[in-house]
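Student: just coords:
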């Protein structure tokens, strides 16, 4: 119940945090933390009541926040209780950063370093203690730290190499933020699983484009959805 409550509280804050981070970028981590909870300006309730457009936006914002809260609460409960209770907050931090990245990328088409780099560092720290999270093959000749490092390298190198073959037609196939996110996830899941993350994220992205009848969209959400899907399937 405690994890569920924490997940709900964080979830309802995701739209606000994403909006503030997107508006403040580019910025350093220190500046973001300083300004994150300082409102840029205030709008009186009376002015909102007299403006139907703002009221519609406000209602949409509230419903979006509640939706995120419910989803994050359920996902947090799953990640914190069904995997390894001794490392619950590691998994919760991994989940929360990924979900916040989804909202930021959807709204601003941006995967900021102030989120992806801490995710990478946490992945290395977790691997040093327990080993890459989703590693399913016992690679005897590699230490946990080496497996995590190779996962990060492959998460960075594979999309770079792939983009070299399609850059002539799709110059923005993989953005810098997408590659950094895959690198960070690679540090968490190890070298065996990161290839599946990339493949599944491409499938999710293609299906999403077909359903929505679009040719371009943020790729970050597909990476996150693929990662969370593999987390659930493999555990």
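Tutor: Structure's in. What do you need? For clarity, every value in this text was computed on a predicted model and none was experimentally measured.

Student: can you map out the helices along the chain?
Tutor: 2-24, 29-35, 45-49, 52-81, 88-108, 113-129, 144-166, 176-189, 194-212, 220-234 (DSSP state H).

Student: deepest in the core, which of the ones you listed is it.
Tutor: Most buried of those by mean neighbour count (mean count of other C-beta atoms under 10 Å) is helix 176-189; its value is a mean of 25. For glycine as for every other residue, the C-beta is placed from the backbone atoms N, C-alpha and C.

Student: now do it against helix 88-108, angle only.
Tutor: Per axes from the mean of the first three to the mean of the last three C-alpha atoms, to 10 degrees, the angle that helix 176-189 makes with helix 88-108 is 170 degrees.

Student: which other helices and strands does helix 176-189 contact?
Tutor: helix 88-108, helix 113-129, helix 144-166, helix 194-212, helix 220-234 (3 or more C-beta pairs under 8 Å, 6 or more residues apart in numbering; DSSP states H and E).

Student: make sure residue 105 is actually in contact with residue 111.
Tutor: Yes: assessed by C-beta atoms under 8 Å, residue 105 is found in contact with residue 111 at 5.5 Å.

Student: identify the contacts common to these two.
Tutor: Residues touching both residue 105 and residue 111 (C-beta atoms under 8 Å, 6 or more residues apart in numbering) are 177, 220.

Student: least confident secondary structure element in the chain?
Tutor: With mean pLDDT, DSSP states H and E as the measure, the helix or strand of the chain carrying the lowest mean pLDDT is helix 45-49 (a mean of 56).

Student: between the two ends of stretch 183-195, how far is it?
Tutor: 11 Å (C-alpha to C-alpha, to the nearest Å).

Student: how far does it sit from its chain's centre?
Tutor: Average the C-alpha atoms of stretch 183-195, do the same for its chain, and the two points are 14 Å apart (C-alpha atoms, centre = their mean, to the nearest Å).

Student: which one of the helices and strands packed on helix 176-189 lies nearest to residue 78?
Tutor: In terms of C-beta to C-beta, the element of the helices and strands packed on helix 176-189 nearest to residue 78 is helix 220-234, at 7.5 Å.

Student: show residues contacting the closest one.
Tutor: Residues outside helix 220-234 that contact it (C-beta under 8 Å, 6+ apart): 75, 78-79, 95, 98-99, 101-102, 104-106, 111, 133-134, 136, 177-178, 181-182, 185, 189, 193, 196-198, 200-205, 208.

Student: what sits against the most centrally placed residue in the chain?
Tutor: Nearest to the mean C-alpha position of the chain, counting by C-alpha atoms, centre = their mean, stands residue 98 at 2.1 Å. Residues near residue 98 by C-beta under 8 Å, 6+ apart: 119, 224, 227-228.

Student: try it again with 6 Å
Tutor: residue 224 (C-beta atoms under 6 Å, 6 or more residues apart in numbering).

Student: lowest average pLDDT across the helices of the chain?
Tutor: Of all the helices of the chain, the minimum mean pLDDT falls on helix 45-49 (a mean of 56).

Student: rewinding a little: and the helices and strands packed on helix 176-189 as CSV, adding distance to residue 36?
Tutor: Listed next are the helices and strands packed on helix 176-189 as CSV, based on distance: least, C-beta to C-beta, whole Å:
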stretch, distance to residue 36
helix 88-108, 12
helix 113-129, 10
helix 144-166, 27
helix 194-212, 28
helix 220-234, 20
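
Student: which ones are touching residue 76?
Tutor: Counting by C-beta under 6 Å, 6+ apart, residue 76 makes contact with 3, 7, 92.
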